[in-house]
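Q: this one's structure only:
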């Protein structure tokens, strides 16, 4: 994820990937200026969700590591460009 415009100064973006049940699979390194996840291998064909949020805004996970809420640290906001490579578009999975 590449930030193209920042509206309120804040931390770098973080990129999070969840499965269809809301389980956090991976997230980008919060120390990086641009959010990047490389080499992620998804275990099966399914629907997955990508969330992009300002650093400090973190998912609240239950004991099963499922997202139940968001902890918001500030009102940072930004525009971004998200680039995905090596994925199959959802429409191509439909019968």
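A: Happy to help now that I have it. All figures in this text were calculated on a predicted structure; none of them were measured in a lab.

Q: Could you report the distance from the most centrally placed residue in the chain to residue 71?
A: With distances taken as C-alpha atoms, centre = their mean, the residue of the chain nearest its centroid is residue 16 (2.6 Å). Distance from residue 16 to residue 71, counting by C-beta to C-beta, to the nearest Å: 13 Å. (C-beta placed from N, C-alpha, C; glycine too.)

Q: so where do the strands sit in the chain?
A: Under the criterion DSSP state E, the chain contains strands at 2-8, 13-19, 24-27, 48-54, 58-61, 67-71, 77-81.

Q: of all those, which lies closest to residue 41?
A: strand 24-27 (10.1 Å; C-beta to C-beta).

Q: Which positions within the closest one qualify as buried?
A: Buried residues in strand 24-27, counted by 16 or more other C-beta atoms under 10 Å: residue 27.

Q: Strand partners (parallel or antiparallel) of that strand?
A: strand 13-19 (antiparallel) (DSSP bridges).

Q: starting at the chain centroid, how far to the strand it pairs with?
A: 2 Å (C-alpha atoms, centre = their mean, to the nearest Å).

Q: thinking again about what came up before, contacting residues around the residue nearest to the centre of the chain?
A: Residues counted as contacts of residue 16 (C-beta atoms under 8 Å, 6 or more residues apart in numbering) are 24, 26, 27, 28, 50, 51, 52, 53, 59.
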